[in-house]
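Undergrad: quick check, what structure comes out for this input:
(3 chains)
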Amino acid sequence: MASPFSLDNPVFSKFAFYSTVVLSKTLCMSELTTLNRMRKQAFANEEDVQCFAKSKHAEVTTSDASVERVRRCHLNDLENVLPFVLVGLMYVSTKPGVVEASRVFQIFAASRLLHTAAYLLPLPQPSRALTFFTGYGVTFFMAYKVLKAVY
Amino acid sequence: MASPFSLDNPVFSKFAFYSTVVLSKTLCMSELTTLNRMRKQAFANEEDVQCFAKSKHAEVTTSDASVERVRRCHLNDLENVLPFVLVGLMYVSTKPGVVEASRVFQIFAASRLLHTAAYLLPLPQPSRALTFFTGYGVTFFMAYKVLKAVY
Amino acid sequence: MASPFSLDNPVFSKFAFYSTVVLSKTLCMSELTTLNRMRKQAFANEEDVQCFAKSKHAEVTTSDASVERVRRCHLNDLENVLPFVLVGLMYVSTKPGVVEASRVFQIFAASRLLHTAAYLLPLPQPSRALTFFTGYGVTFFMAYKVLKAVY
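TA: Below is the predicted model of the structure:
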């Protein structure tokens, strides 16, 4: 029987696309942290201050509000996007229908892009909570499908 | 030759089950953090205070003891559960025996469930350390098997 | 058509090797944190102090400079190594040439080993920044290849 893990399988192909989009978005948070550290001159290491600080009086700091906000958003991505991709791989192995699977991946990707917007602008709550729980629910839906298929 | 990454392979099927269990447990830590933030009224963002705080005098805080304990437990999951699933995928590709593989996955899953209990109750040390090193050892065992198979 | 996810595929075999190397290195950061906590007597939990502290006057602390440096390095690994392995899985599914793929995996693995050295010694900047952006660029290169293949 053919393996579901091949780009010939439209479900895996959709999964590869949306996973790569949300993983790339997650990676971009690193660069956003760096840009904020430069702009706010808020460096976490002594050697960074020595090389990148514009003023000789700059000091190590780990409490700049804009930097910490980006870092919280980044950590939230690690907590949610990485499990989504891993549970998603197992979900693909259950050979779901391509329509259901596409919707699941699209809703997750959209919810995480909106979550980032809600966190960084920031938008008033409960907008961030709603985007968070949408993605969270999608991952648990896939987990349920996996457990049902293998148990 | 058949791909090992299919639910027709009992090793992959066991792997999918136990991976989904430990990933779901990891995801639950987010919800536990939220519940603790609500209960202790310890919010990390200004917009969360404005929407969810019961008192007008609530302030942003990132140092509540119960919230930080759940967050340390969650981060420990990210550091250990995610590498387990990824190294486990490579381990499945080495086509291990189903008895060995099942034991490996079961011991890991049990050690992480006990680790969470030991962290959150909390139990006296070295109980948490023992559960941590059990799961840690399992992942390195799989990593050794992969390196031996491909080198 | 044969699945690319098999050790019979030399691209997957290389990927399994280098992924397991960088994941094992990431796991080692946990142990390094523990060793530093013991050496500096800087424990994050009350129950750790009670069991492992040599002095009765030891207190919980989350601000020891050497421990926090190892932890920042570890978090940077989670932010970069885990997405590399996940994007790498999708990249393997695009059936890249074995020469290109080997170079990509080798450059990533080397950049992360050098990044850890640059962070922990520490080396003067911009050495750490260069190693970081090398690995970062490699992951985005793979992400571009995946999106091009499936779109």
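
Undergrad: and the helix or strand of chain A with the lowest mean pLDDT, what's buried?
TA: In chain A, the helix or strand scored least confidently by mean pLDDT, DSSP states H and E is helix A:46-52, which has a mean of 89. Residues of helix A:46-52 classed as buried by neighbour count (16 or more other C-beta atoms under 10 Å in any protein chain shown): A:47, A:48, A:49, A:52. Heads up, the C-betas are built off the backbone N, CA and C, glycines and all.

Undergrad: got a list of contacts for that helix?
TA: Here helix A:46-52 makes contact (C-beta atoms under 8 Å, 6 or more residues apart in numbering or on different chains) with A:37, A:38, A:43, A:58, A:59, A:60, C:122, C:123, C:124, C:125, C:126, C:128.

Undergrad: returning to that earlier point: just flag the most distant two among the buried residues of helix A:46-52.
TA: A:47 and A:52 (9.3 Å; C-beta to C-beta).

Undergrad: so where do the helices sit in chain A?
TA: A:10-40, A:46-52, A:65-93, A:98-120, A:127-150 (DSSP state H).

Undergrad: ok now the third one, how far from the chain's centre?
TA: Per C-alpha atoms, centre = their mean, to the nearest Å, the displacement of helix A:65-93 from the mean C-alpha position of its chain is 4 Å.

Undergrad: next: stretch A:95-110.
TA: On the basis of C-alpha atoms, centre = their mean, stretch A:95-110 sits 17 Å off its chain's mean C-alpha point.

Undergrad: buried ones in that stretch?
TA: Neighbour counts over stretch A:95-110 (16+ other C-beta under 10 Å) mark A:95, A:96, A:101, A:102, A:104, A:105, A:107, A:108, A:109, A:110 as buried.

Undergrad: save these as TSV, and put in distance to residue A:141 too.
TA: Converted to TSV, those look like this (distance: C-beta to C-beta, whole Å):
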residue	distance to residue A:141
A:95	16
A:96	10
A:101	11
A:102	14
A:104	7
A:105	11
A:107	9
A:108	10
A:109	15
A:110	15
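
Undergrad: of all the residues you listed, which comes closest to residue B:15?
TA: The nearest one, if we look at those relative to residue B:15 and count by C-beta to C-beta, is residue A:95, at 16.6 Å.

Undergrad: mind listing what the closest one touches?
TA: Neighbour list for residue A:95: A:4, A:11 [criterion: C-beta under 8 Å, 6+ apart].

Undergrad: try residue A:20
TA: C:87, C:90, C:143, C:146, C:147.

Undergrad: residues near the first one, how many?
TA: This means residue C:87. For residue C:87, the count of nearby residues is 26 (other C-beta atoms under 10 Å in any protein chain shown).

Undergrad: show me what from chain A comes close to chain B.
TA: A:1, A:3-5, A:69, A:72, A:78-80, A:82-83, A:86-87, A:89-90, A:93-94, A:122-126, A:128, A:132, A:136, A:139-140, A:143, A:146-147, A:149-151 (C-beta under 8 Å from any C-beta of the partner chain).

Undergrad: can you narrow these to ones near chain C?
TA: Subset of those in contact with chain C: A:3, A:5, A:78, A:82, A:86, A:89, counting by C-beta under 8 Å from any C-beta.

Undergrad: for chain C, state which of these is nearest.
TA: Using C-beta to the nearest C-beta, residue A:3 is the member of those that sits closest to chain C, with 3.7 Å.

Undergrad: pretty sure that closest one contacts residue B:93?
TA: No - the pair residue A:3 / residue B:93 is not scored as a contact, 11.7 Å apart, by C-beta atoms under 8 Å.

Undergrad: looking at those two, which is more packed in?
TA: Between residue A:3 and residue B:93, counted using other C-beta under 10 Å, residue B:93 has the larger neighbour count: 25 against 22.

Undergrad: buried residues in stretch A:17-28?
TA: Per 16+ other C-beta under 10 Å, stretch A:17-28 contains these buried residues: A:17, A:18, A:19, A:20, A:21, A:22, A:23, A:24, A:25, A:26, A:27.

Undergrad: actually, stretch A:117-130.
TA: Neighbour-count burial for stretch A:117-130, with 16+ other C-beta under 10 Å as criterion, is recorded at A:118, A:119, A:122, A:125, A:127, A:128.

Undergrad: contact partners for the fourth one?
TA: Put plainly, it is residue A:125. B:47, B:48, B:50, B:51, B:52.

Undergrad: residue ranges in chain A under the pLDDT threshold?
TA: Within chain A, the stretches with pLDDT under 70 are A:1.
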